[in-house]
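>>> Here you go, sequence then predicted model.
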2 protein chains.
Amino acid sequence: MSEPLALSLAAKAAALDTADELAPLRDRFTLDDTVYLDGNSLGALPRGVPARVADVVQREWGELRIRSWQESGWWTAPERIGDRIAPLVGAAPGQIVVGDSTSVNVFKALVGAVRMARASAPDGGRDEIVVDATTFPTDGYIAESAARMTGCALRPVAPADVPRAVGPRTAAVLLNHVDYRTGRLHDLPGLTAAVHAAGAYAVWDLCHSAGALPVGLDAHGVDLAVGCTYKFLNGGPGSPAYLYVRRDLQPRFDSPLPGWNSHMDPFGMRSDYEAAPGAVRGRVGTPDILSTLALEAALDVWEGVTIEAVRAKSLALTDFFLECVAAYVPEGRVEVLTPATHAERGSQVALRCSDAGKIMARLIDKGVVGDYRAPDTLRFGFTPLYVGYADTERAARALADEL
Amino acid sequence: MSEPLALSLAAKAAALDTADELAPLRDRFTLDDTVYLDGNSLGALPRGVPARVADVVQREWGELRIRSWQESGWWTAPERIGDRIAPLVGAAPGQIVVGDSTSVNVFKALVGAVRMARASAPDGGRDEIVVDATTFPTDGYIAESAARMTGCALRPVAPADVPRAVGPRTAAVLLNHVDYRTGRLHDLPGLTAAVHAAGAYAVWDLCHSAGALPVGLDAHGVDLAVGCTYKFLNGGPGSPAYLYVRRDLQPRFDSPLPGWNSHMDPFGMRSDYEAAPGAVRGRVGTPDILSTLALEAALDVWEGVTIEAVRAKSLALTDFFLECVAAYVPEGRVEVLTPATHAERGSQVALRCSDAGKIMARLIDKGVVGDYRAPDTLRFGFTPLYVGYADTERAARALADEL
């Protein structure tokens, strides 16, 4: 790249950072000089989390012990924290419960959706699960198991082809809101409507969109949704996932994992199962309290922040990164996998080059942390709560140096 | 009770505490003046846990961030910690993996067992799951779902009747090693042999035995087992459960929850599922690292401790508690539900009285913490690592005062 060009983009970055109303939010996280563009894999540590976790361990567990299940609100944490996530994904309270991994929640949601579809069509005919052919692998593996265990066929379909693929045999469709590899944002309102038009149920995986852009679960009539909380929600490594079941569907949600935590009277110790009403029906076993309450503290960083402002900055950051990459990186050296159109872009930029693994290792050594997805993809995730424009320019410059 | 009697039992307690070689282990926990007899529900906090959790949060997550999945050993924690639990339940390494809740692991184990039974009898006929009729409810609910999803009938049978109940239709049998309500220890070697004689697979729930008494999984040829880690293993609230799959069965273990963590090449991002070899096959999604690594630190309290010594003290403690209750509590006021015979006793004493709920609330107010199980049971759990004989005598005396 030319010296004047770099100076000019650096100056632009400085101006953008100065004008950025979200810039002060960075202080809500523990960060150093690293340019951290891997918040789409593991979000940075919010400052309030260490003290809260210490209190949970030392006082709530160490001193109150068993009493904390009631006195410290452990028992109701899954639904309480679900209600904290709800506004970020456009859901009214009482529809989200936190717990288990994303994979386990995909299983609950898909089997639940197939059962709903069949209950609506008791004469049969709903014997197919459609799954995003470009999905993060675990969703596909679990969908295959859900299909096998419900006697369905599994049909992988590219998201854009879903409207043509769904039909009277389709019971449920599992889609990713944002593609984990390319960063492509799929048309949640349109695809959900197409699934509904076929009389099927739409299950959305929000792992790469929740906390990065508006989802609008209620507004768009999504049936069920799952997501993780350790990416743009910064809940910590392996923090619990969540399950959304739309309110009017909850009485018909028939979970394949009916553990005692989803019983309407869990301490009645009844041998017969009777599902609790509401989102609680999506719980299974005892929640992992340390990880769950770390997530709750992590959600404090959203105080006073709107998801619309986050989305605007996210697009500005990825636009600017693409501008810097175009300016710095020799033409043809990388292929941009992420759509240029805002309506089709999540909060990451994916670049393809044959030596991506080696390049990313060298970038990380230089303090620019993205990640590598085999065989040839560089991923750069942009978390608007703590990534700035100067970070973005520096990352593009470091990348160009390595290339 | 009479004053001399109490003095005499208090003196006996003091002598027993003095002679107790495990007594110094109490210093490995954070405890106060409370007599904590609820370690069969939530184990006390081991002293090493707070510093370890703080390090995981602040350094491993806060500073190393995504690098910790490799550099801090997060990725391999489930199988590494499984190998730490293994000697406590009589398992050679490579057969236990930590993760998910007990309920979710019951589902994996039971469906896996039914599939094994059918693979061995391809002509059909294995269409029944037998479940302990006195089980902790969640095992029964999940067994019902496993039966429904594999096309089996579910048959509740009292453990003692299992040898007569199993037959050519039985695919799998789910049993509790120690009954959560009464504290009765079931005959794991004998019942496992009876299940095998019928050509079925034995799945054991070790929630109330692991860490309290020798289990001998390998020695007795158990097929699959599950257990929680927050009771006698002191892993913390909702710490992850574990799954044991006997080594020779692992190649045939076909999990109903085949998440990407159980793939033989998880970072290959392959769309086709190929199960990993070994215990890792029991993993599903991303493990909850804070809860998982708190458990790992909690297991340090077992350094230099044998499960045989723990068992000997456990029996001595429950014997002594029963002796004190017999001496202090007016005859007929409570009914002892826990067997007198050592071979049939776990590490808790359960007493029945009609006003159990009220009595336990008053005991807790006086600093003697056990728990209440509806409708009429007082439970007192004895964790030999931190409960002493004077605690035991004090608990019985406080109970007699309330009664």
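Looks like it came in fine. Numbers count the residues shown, from 1 in each chain, chains lettered A, B, ... in the order given.

>>> in the stretch 101-250 of chain A, which ranges drop under the pLDDT threshold?
A:122 (pLDDT under 70).

>>> What residues does it have near chain B?
Within the stretch 101-250 of chain A, the positions adjacent to chain B are A:101-104, A:107, A:111, A:133, A:135-138, A:140-142, A:144-145, A:149-150, A:156, A:181, A:228, A:230, A:236-241 by Cβ under 8 Å from any Cβ of the partner chain. For glycine as for every other residue, the C-beta is placed from the backbone atoms N, C-alpha and C.

>>> And the residue in the stretch 1-150 of chain A that chain B sits nearest to, how far from residue A:349?
Closest residue of the stretch 1-150 of chain A to chain B, Cβ to the nearest Cβ: residue A:101 (2.6 Å). Distance of residue A:101 to residue A:349, computed by Cβ to Cβ, to the nearest Å: 27 Å.

>>> swap in residue A:155?
For residue A:155 relative to residue A:349 (Cβ to Cβ), the value is 31 Å.

>>> okay, those two: which has more neighbours?
The neighbour count for residue A:155 versus residue A:349, taken as other Cβ atoms under 10 Å in any protein chain shown, is higher for residue A:349 (27 against 17).

>>> doesn't residue B:289 make contact with the residue of the stretch 1-150 of chain A closest to chain B?
No - in this structure residue A:101 lies outside contact range of residue B:289 using Cβ atoms under 8 Å: 11.8 Å.

>>> now the strand or helix carrying residue A:11, how far from the chain's geometric center?
Using DSSP states H and E, residue A:11 maps to helix A:3-19. Centroid separation for helix A:3-19 versus its chain: 31 Å, with Cα atoms, centre = their mean, to the nearest Å.

>>> I'd like the average pLDDT over it.
For helix A:3-19, mean pLDDT is 91.

>>> Stretch A:40-55 now?
Looking at stretch A:40-55 alone, the average pLDDT works out to 98.

>>> residues of that stretch that come out buried?
A:40-50, A:52-54 (16 or more other Cβ atoms under 10 Å in any protein chain shown).

>>> if we look at chain B, which of these are close to it?
A:41, A:42, A:44, A:45, A:49, A:50, A:53, A:54.

>>> what helix or strand does the closest residue to residue A:347 other than its chain neighbours sit in?
Of all residues not flanking residue A:347 in the chain, residue A:212 sits nearest, at 3.7 Å (Cβ to Cβ, 6 or more residues apart in numbering or on different chains). Using DSSP H and E, residue A:212 sits in no helix or strand.

>>> which residues does residue A:212 contact?
A:40, A:178, A:232, A:310, A:311, A:314, A:346, A:347, A:383, A:384 (Cβ atoms under 8 Å, 6 or more residues apart in numbering or on different chains).

>>> with these in mind, which one is nearest to residue B:125?
residue A:178 (47.8 Å; Cβ to Cβ).

>>> Go ahead and confirm the closest one touches residue A:209.
Yes - contact criterion Cβ under 8 Å: residue A:178 and residue A:209 qualify, at 4.6 Å.

>>> shared neighbours, the two?
Shared contacts of residue A:178 and residue A:209, counting by Cβ under 8 Å, 6+ apart, come down to A:185, A:346, A:347.

>>> Please pick the buried ones from these.
Using 16+ other Cβ under 10 Å, the buried ones in the shared contacts of residue A:178 and residue A:209 are A:185, A:346, A:347.

>>> Report the spatially closest residue to the first one, excluding sequence-adjacent ones.
For residue A:185, the nearest residue in space outside its immediate sequence neighbours is residue A:346; the separation is 4.7 Å by Cβ to Cβ, 6+ apart.

>>> Tell me, how many residues neighbour residue A:390?
Quick note: residue A:390 (other Cβ under 10 Å) scores 16 neighbours.

>>> where's it relative to residue B:71, distance?
Distance of residue A:390 to residue B:71, given as Cβ to Cβ: 27 Å.

>>> Same question for residue A:58.
27 Å.

>>> neighbour count winner among those two?
residue A:58 (16 against 11).

>>> That one belongs to a strand?
No - read with DSSP: H, G, I helix; E, B strand; the rest coil, residue A:58 is helix and lies in no strand.

>>> surely it meets residue B:45?
Yes - using Cβ under 8 Å, residue A:58 is in contact with residue B:45, at 7.5 Å.

>>> who touches both of those two?
residue B:30.

>>> all strands for the stretch 151-300 of chain A, in order.
Ranges of strands within the stretch 151-300 of chain A are A:153-157, A:170-176, A:201-205, A:224-227, A:242-245, based on DSSP state E, counting those that start in this stretch.

>>> The last one packs against which elements?
Applying 3 or more Cβ pairs under 8 Å, 6 or more residues apart in numbering or on different chains; DSSP states H and E, one finds that strand A:242-245 contacts strand A:96-98, helix A:102-120, strand A:224-227.

>>> now swap in the third one and tell me
Using 3+ Cβ pairs under 8 Å, 6+ apart as the contact test, the elements touching strand A:201-205 are helix A:102-120, strand A:170-176, helix A:188-197, strand A:224-227.

>>> tilt between the third one and helix A:102-120?
Going by axes from the mean of the first three to the mean of the last three Cα atoms, to 10 degrees, helix A:188-197 is angled at 40 degrees with respect to helix A:102-120.

>>> got the angle for helix A:188-197 vs strand A:170-176?
Using the same axes, to 10 degrees: helix A:188-197 against strand A:170-176 is 170 degrees.

>>> again with the first one
Our comparison of helix A:102-120 with strand A:170-176, counting by the same axes, to 10 degrees, yields an angle of 150 degrees.

>>> Determine how far helix A:102-120 lies from the middle of the whole chain.
19 Å.

>>> Same check on the shortest one?
Once both centres are worked out by Cα atoms, centre = their mean, strand A:224-227 turns out to sit 9 Å from its chain's centre.

>>> Tell me the helices and strands packed up against that strand.
Against strand A:224-227 (3+ Cβ pairs under 8 Å, 6+ apart) you get helix A:102-120, strand A:201-205, strand A:242-245.

>>> any chance of these in JSON lines, plus mean neighbour count?
Shown next, in JSON lines, are those (neighbours: other Cβ atoms under 10 Å in any protein chain shown):
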{"stretch": "helix A:102-120", "mean neighbour count": "25"}
{"stretch": "strand A:201-205", "mean neighbour count": "28"}
{"stretch": "strand A:242-245", "mean neighbour count": "30"}
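
>>> and these as CSV, adding distance to residue B:278?
Compiled in CSV, these are given as follows (distance: least, Cβ to Cβ, whole Å):
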stretch, distance to residue B:278
helix A:102-120, 19
strand A:201-205, 28
strand A:242-245, 30
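
>>> Between those, which one is closest to residue A:67.
Closest of the helices and strands packed on strand A:224-227 to residue A:67 is strand A:242-245, at 26.9 Å (criterion: Cβ to Cβ).

>>> What strands line up against the closest one, and which way round?
strand A:96-98 (antiparallel), strand A:224-227 (antiparallel) (DSSP bridges).
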